[in-house]
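**Q** model this:
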Amino acid sequence: MSERVFVSIYCMVYQDEFSKEMVNKMATGQEIYDFLMKDAGLCKDENNQVIPGDCNLWYLGCNDKYGLLQYKHIIKQWDLGESSFDRVEAFISLLYLDKVFTDEQYRNLISRCYEGRQIDNMYLIRDYLMAKRKGEVWVKKMTDSGRR
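**A** Residues are numbered from 1 along each chain as shown. Next up is the predicted model:
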């Protein structure tokens, strides 16, 4: 669908480093899809080089601060420690049911949610991407907050 719809997609990451590109925006399904799948560019290796692959969608599902997903008048928001891939999947499904996303886009987004659930903590995204880069099997670790 190339029709523009109102969305607002944002979460607080680190010191407000998450993109504000989709805050209070009229956007097509393709633009929303591209934004969710786009690298956030927030993970860096030991040489301070950006590690590709940290899609925006993952931060929405596992940040530790607050965020908002809005489609038209439907608002899904959360506070400290309440982020959830369930909420992100519900948002994606809502847009899919309204035919904002294609079947392929929907499958890809849900697949990325599944991958993000394997990480489930924004502070472990870097470790996950480093393991993936090295071809190592990812094993989710317990963090100081007790979140896996």
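**Q** distance of the spatially most central residue of the chain from Lys65?
**A** By C-alpha atoms, centre = their mean, the mean C-alpha position of the chain lies nearest to Leu57, the distance being 1.4 Å. Per C-beta to C-beta, to the nearest Å, Leu57 is found 16 Å from Lys65. C-beta here means a position set from N, CA and C on the backbone, and glycine is covered the same way.
**Q** and for Ser93?
**A** Counting by C-beta to C-beta, the separation of Ser93 from Lys65 is 24 Å.
**Q** and these two? which has more neighbours close in?
**A** Under the criterion of other C-beta atoms under 10 Å, the comparison of Ser93 against Lys65 puts Lys65 first, with 18 against 14.
**Q** as a quick check, tell me the outermost residue of this protein.
**A** When distances are taken from the C-alpha mean of the chain, Asn47 lies farthest, 24.8 Å away, according to C-alpha atoms, centre = their mean.
**Q** what does the longest helix along the chain rub up against?
**A** Counting residues, the longest helix in the chain under DSSP state H turns out to be helix 103-119. Residues outside helix 103-119 that contact it (C-beta atoms under 8 Å, 6 or more residues apart in numbering): 29-30, 33, 36-37, 55, 57-58, 61-62, 85, 88-89, 92-93, 96, 101, 125, 128, 138, 140.
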